[in-house]
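Participant: Got a predicted model here, sequence first, then my questions.
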Amino acid sequence: MSRPPRARESVLDAFEQLLVDDGERAATMDATARAAGVSKGGLLYHFASKDALERALLQRLAELVEEDLAAMASSPDGAVVFFLRTSVMDDDPLDRALIATSRLAQGGHADAADALRAVRARWADALRPHVRDATALDLVLLVSDGLSLLTGYSILDPLRRHAEHDEVRRSSGSRVQHVSHDGQGSPAARAA
């Protein structure tokens, strides 16, 4: 009898959570097996090595970014507003994959660092048609970085965090009109 695909995802989830909570050094194969509630053999059935776990995490990140880009492209609020609203970390799968990948990169994992650069480049490419110029694009990316940092690493006062998340989501549209074409629809829609 073959093992259910969910078992593989559970192991990968456990590895990702260890990276997020404790960093790259703590995310050993043994710790991953314990966190996933599987034997070492069960872990090795799905992932023959830590490198295989890391590759699977980077693949997960790539898939989640593709989903994010598709949602950004179809957002009725426009790409810039969507991007900034979703930069507020909410412990969703993309947030966890980004943080876990950054932990690998901090530990010297070159492929993780490359993956993070590729994600940023993909987001920049998706946003570029929706901003006025390169400076506006840089501004949007930096604001996103700040939102992610402040909310993802609990820098905001915990009592204010949820209210501030909601305020960012509500007000993103009006605050980005100076840098975004999306404030009045796409450039094509304004030209029509």
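Facilitator: Structure's in. What do you need?
Participant: all contacts plus neighbour counts: C-alpha atoms, from now on.
Facilitator: Noted.
Participant: For the host helix or strand of Ser144, give the mean pLDDT please.
Facilitator: Counting by DSSP states H and E, the element that carries Ser144 is helix 134-152. Mean per-residue pLDDT for helix 134-152: 88.
Participant: Can you list the helices and strands that it packs against?
Facilitator: Other helices and strands packing on helix 134-152, by 3 or more CA pairs under 8 Å, 6 or more residues apart in numbering; DSSP states H and E, are helix 79-85, helix 110-127.
Participant: To Glu54, which of those helices lies closest?
Facilitator: Distance to Glu54, taken as CA to CA, is lowest for helix 110-127 among the helices and strands packed on helix 134-152, at 8.3 Å.
Participant: which strands and helices sit next to that closest one?
Facilitator: Packing partners of helix 110-127 (3+ CA pairs under 8 Å, 6+ apart): helix 50-74, helix 79-85, helix 93-106, helix 134-152.
Participant: May I see the buried residues of that helix?
Facilitator: Buried residues in helix 110-127, counted by 16 or more other CA atoms under 10 Å: 112-113, 115-116, 119, 123-124, 126-127.
Participant: Tell me the one of those residues nearest Phe47?
Facilitator: Nearest to Phe47 among the buried residues of helix 110-127 is Ala112, at 17.7 Å by CA to CA.
Participant: Tell me the pLDDT of the residue nearest to that closest one when sequence neighbours are not counted.
Facilitator: By the measure of CA to CA, 6 or more residues apart in numbering, the closest residue to Ala112 outside its immediate chain neighbours is Ala105, 5.0 Å from it. With respect to pLDDT, Ala105 scores 96.
Participant: Make a markdown table from the helices and strands packed on helix 134-152 and add distance to Leu150 to it.
Facilitator: Shown next, in a markdown table, are the helices and strands packed on helix 134-152 (distance: least, CA to CA, whole Å):
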| stretch | distance to Leu150 |
| --- | --- |
| helix 79-85 | 13 |
| helix 110-127 | 18 |
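Participant: Which of these comes out lowest on mean pLDDT?
Facilitator: Across the helices and strands packed on helix 134-152, helix 79-85 gives the lowest mean pLDDT, at a mean of 92.
Participant: Run the chain-centre distance for it.
Facilitator: Distance of helix 79-85 from the chain centroid (CA atoms, centre = their mean, to the nearest Å) equals 13 Å.
Participant: before we move on, the earlier item: what about the residue nearest to Ala112, neighbour count?
Facilitator: The local packing of Ala105 (other CA atoms under 10 Å) involves 18 other residues.
Participant: ok, it touching Ala115?
Facilitator: No. Between Ala105 and Ala115 there is no contact under CA atoms under 8 Å: 9.1 Å.
Participant: Report the contact partners of the closest residue to Gly23 other than its chain neighbours.
Facilitator: Nearest non-adjacent residue to Gly23, counting by CA to CA, 6+ apart: Arg103, 5.7 Å away. Applying CA atoms under 8 Å, 6 or more residues apart in numbering to Arg103 gives the contacts 19-20, 23-24.
Participant: got the contact list for the closest residue to Ala124 other than its chain neighbours?
Facilitator: Among residues not flanking Ala124 along the chain, Leu137 sits closest, at 7.1 Å (CA to CA, 6+ apart). Contacts for Leu137 (CA under 8 Å, 6+ apart) come out as 124, 127-128, 131, 179.
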